[in-house]
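>>> Let me see the structure of the following:
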Amino acid sequence: MSDGNDIIFERSGLAGLVTLNKPETLNAVTDDMLTALNAQLDVWQGDDSVERVIIQAVPGRAFSAGGDIRHLYECGISKQYDFEFFAREYRLNARIANFPKPYIALINGIAMGGGVGVSFHGSYRIAGEGLSFAMPEVGIGFFPDIGASYFLSRLPGKTGLYLGLTGERVNKPDALWCGLATHGCLTDDLPKIVQNLCHEPNLNGLLTQLTEAQSSSLDAKGPIESAQEWIDFHFDAPTVAAILDSLEQSANKGGEEADWAGRTLKSLRQKSPTSLEIAFRQIGLGAQLDIDGCMQMEYRIVRRILTGTEFYEGIRAAIIDKDRSPNWQPAQLQDIAAADIDKHFADLGEQELTLP
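Numbers count the residues shown, from 1 in each chain. Below is the predicted model:
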């Protein structure tokens, strides 16, 4: 069975199989796709013959490169804010994280934004060798959402904060090292793995085989793991400004760490200062919340972001005009008052996100 061409649903053996099928937009997740997936999960959750759910994407450059950014931009410019899109998306993210049956994501290629939300909250995340995960939202005046408050805050050391602030890409070895992925495989093996997952009753045995195969692979240490000592040192600072100061001091000393610190500092200085402050706080708070609490917090943030200006300036510079020169307001961290950040986290009252 299927629902349109953009997202395909099939029943195969013991599994409900979901395929993202919009390669012309790098499988960017739309509202219709999210609605269809949620409805299908209703069906499969109530069907005792469906023992597990599997989500994959058609072969290509991306698993899913995010969401429909242009739609959100157009809504915002006309002040017809699509709050409900985010409410539906965040409810689905929480639902996947709490789904009572194994939810298995096979992720290869680019995975960002909305695509992360329908995959990385699953029980098992199997990474192909082409995995390229990133949460680059602070670079467009947004923030790492779709539950990133939850999973980034639970990565080793300061890895999650580093990824949330820099938007740095994560490859397969690093994803396995930090726990973003639970298992790895070769890209060429993905079709066979899907078939096995659909038809083999012993799910734990299949996953054990993947673990054993991965342990004997020749994957090298990834760049995030290689820089972990530096990440934990510099990103353990108490404020965003202190992180930048620490990096600047190291960048001026020379040597391998200095090169890394210089690149990281340059990257952070290109981001929206407001978004950096929001992401810093949300990831810190997320460590103390469950997934439902994180989604409710993120909904508070997104409603304030959508009625502001930074997000639309970021999209203008990156996608509309493509001049790569956003005019952030405020342009400097020191010009941001604590109250400006506090308001993003304030209770919404009757507009709070409700979860089942």
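>>> Would you map the helices across the stretch 101-250 of the chain?
Secondary structure of the stretch 101-250 of the chain (DSSP state H, counting those that start in this stretch): helices at 113-117, 148-152, 159-166, 172-178, 190-199, 203-215, 223-226, 228-234, 240-251.
>>> Which of those helices comes out lowest on mean pLDDT?
With a mean of 84, helix 203-215 has the lowest mean pLDDT of those.
>>> got the contact list for that one?
Residues outside helix 203-215 that contact it (CB atoms under 8 Å, 6 or more residues apart in numbering) are 51-52, 102, 124, 126, 176, 182-185, 193, 196-197, 200. C-betas here are computed from N, CA, C, even on glycine.
>>> same thing but at 6 Å, please
Outside helix 203-215, the residues that touch it by CB atoms under 6 Å, 6 or more residues apart in numbering are 183, 184, 196, 200.
>>> Which of these are buried? Put it as a PyMOL command.
Only the buried members of the contacts of helix 203-215 enter the following PyMOL selection, criterion being 16 or more other CB atoms under 10 Å:
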select buried, resi 183+184+196
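>>> who's in contact with residue 106?
Here residue 106 is in contact with 56, 126, 190 (criterion: CB under 6 Å, 6+ apart).
>>> So which of these is the closest to residue 77?
Nearest to residue 77 among the contacts of residue 106: residue 56, at 34.7 Å, using CB to CB.
>>> So which bits of the lowest-mean-pLDDT helix or strand in the chain are buried?
When the helices and strands of the chain are scored by mean pLDDT, DSSP states H and E, helix 203-215 comes last with a mean of 84. The neighbour-count check on helix 203-215 (16+ other CB under 10 Å) flags 203, 206, 207, 210, 214 as buried.
>>> Turn those residues into CSV, columns for distance to residue 226.
Formatted as CSV, the buried residues of helix 203-215 follow (distance: CB to CB, whole Å):
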residue, distance to residue 226
203, 33
206, 31
207, 27
210, 24
214, 19
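>>> In strands only, show me the contacts of helix 203-215.
In this view, these that belong to strands under DSSP state E are 183, 184.
>>> quick one: contacts for the residue nearest the centre of the chain?
With distances taken as CA atoms, centre = their mean, residue 116 lies nearest the centre of the chain, 4.3 Å away. Neighbour list for residue 116: residue 146 [criterion: CB under 6 Å, 6+ apart].
>>> can you check the one 10 residues further on too?
In this structure, residue 126 makes contact with 106, 183, 185, judged by CB under 6 Å, 6+ apart.
>>> for residue 278, same thing?
With CB under 6 Å, 6+ apart, residue 278 has these contacts: 143, 344.
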